[in-house]
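# Could you work out the structure for the sequence below:
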Amino acid sequence: MTAVTAHHGLFGNIKLHVDDTGGTGRPVVLIHGWPLSGESFRNQVPALQEAGYRVITYDRRGFGRSDKPPAGYNYDVLAEDLQKVLEQLELSDATLVGFSMGGGEVARYLGIYGAGRIRSVVFASAVPPYLMQSVDNPDGPLTREQADGMARDLAEDEAAFYDAFTRDFFSVGGDLKVSEVQRKEAVALCGQADRKAALACMAAFGETDFRGDLEEVTVPALVIHGDGDATVPYEGSGDRTHAALADSEVHVIRGGPHGCNVSHADEWNRAVIDFLAR
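Model prediction:
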């Protein structure tokens, strides 16, 4: 474990909690989904390390064990945080793996900073290209009414919201695809999130347009997604991201929910490790 100073500013030094397996293998940076933390990759880190990679996870500001400042929850700042992690750990030739909300950081990072440090990217159950449905984005899978309802429910009762959210996160057609113990582990990670950060990031991943950022993704990309994802539906997100990236391949996990890195961990890990080896 280490701490990265992500930002010097009005609210002092913002420290991000980072876990780094070390070693001499190529670096793989895992960027977690909302509203979890780097611990949500507990099924991935050992497999990637065993395959010979240096694996880095970090907790997004406002979540997990990182500092929880009152501001800085837009994707430009979050991409800057990612850049600080790469700089301070002196990472290059790295693969960025963005899960769900984390896929937005991958897209915005390349849109701002380019691919100088990056070998390849993985969009896993990820929110790009643009979730919010609008006149110029009719295929966006998230309506304004749905977004407002989620924000209202989270603000009113965090515990009830996270309990229901994690059930949807790991379910397909109402059937839970993980054990209750695994679901409760996710609930515990949700409980580490700062409410202000969770609400601000909910707005960020729902309303940020990444279509221009995807145009800057010039490195090889893997899109991995469950076809039963009810949280970030494949047709409105992963499929469109794959179509937007000329140098991309796709792996659809049959019967996979949003949290398919847990429910189908072996298949997910194999697909990512096979991609890394190419």
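
# thought residue 120 was touching residue 218?
No. With contact defined as Cβ atoms under 8 Å, residue 120 does not reach residue 218; the gap is 10.6 Å. Every residue, glycine included, has its C-beta placed from N, CA and C.

# who has more neighbours, the two?
In terms of neighbours (other Cβ atoms under 10 Å), residue 120 is the more surrounded of residue 120 and residue 218; the figures are 22 against 13.

# So what does that one have for phi and psi?
phi -160, psi 170 (degrees, to the nearest 10).

# How about the one 4 residues further on?
Phi and psi for residue 124, reported as degrees, to the nearest 10, are phi -110, psi 110.

# which residues sit in contact with it?
By Cβ atoms under 8 Å, 6 or more residues apart in numbering, the contact list for residue 124 reads 97-100, 102-103, 224-225, 261, 268, 272.

# Quick check: nearest residue in space to the most centrally placed residue in the chain, chain neighbours excluded?
By Cα atoms, centre = their mean, the chain has its centre lying nearest to residue 102, at 2.3 Å. Spatial nearest neighbour of residue 102, chain neighbours left out: residue 31 (3.3 Å); criterion: Cβ to Cβ, 6 or more residues apart in numbering.

# The one you found: neighbouring residues, count only.
29.

# Report the contact partners of residue 160.
Applying Cβ under 8 Å, 6+ apart to residue 160 gives the contacts residue 153.

# From residue 166, how far out is it?
Summarising the geometry, the distance separating residue 160 from residue 166, computed by Cβ to Cβ, to the nearest Å, is 11 Å.

# do the same with residue 48
From residue 48 across to residue 166, the span is 24 Å (Cβ to Cβ).

# out of these two, which sits in the more crowded spot?
For residue 48 and residue 166, the more surrounded residue by other Cβ under 10 Å is residue 166, and the numbers stand at 25 against 22.

# quick one: residue 189 and residue 41 touch, right?
No. With contact defined as Cβ under 8 Å, residue 189 and residue 41 do not form a contacting pair (10.8 Å).

# Just the buried positions in stretch 224-232, please.
When neighbours are counted by 16 or more other Cβ atoms under 10 Å, the buried residues of stretch 224-232 are found to be 224-229, 231-232.

# Closest one of those residues to residue 151?
When those are compared for distance to residue 151 (Cβ to Cβ), residue 231 wins out at 15.2 Å.

# Grab the nearest non-local neighbour of the closest one.
In space, residue 231 is closest to residue 258, 3.8 Å off (Cβ to Cβ, 6+ apart).

# returning to what we had before: as CSV, the contacts of residue 124 with distance to residue 26 and pLDDT would be great.
Compiled in CSV, these are given as follows (distance: Cβ to Cβ, whole Å; pLDDT from 0 to 100):
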residue, distance to residue 26, pLDDT
97, 12, 99
98, 17, 98
99, 19, 99
100, 24, 98
102, 19, 98
103, 20, 98
224, 19, 98
225, 24, 98
261, 20, 98
268, 19, 99
272, 13, 98
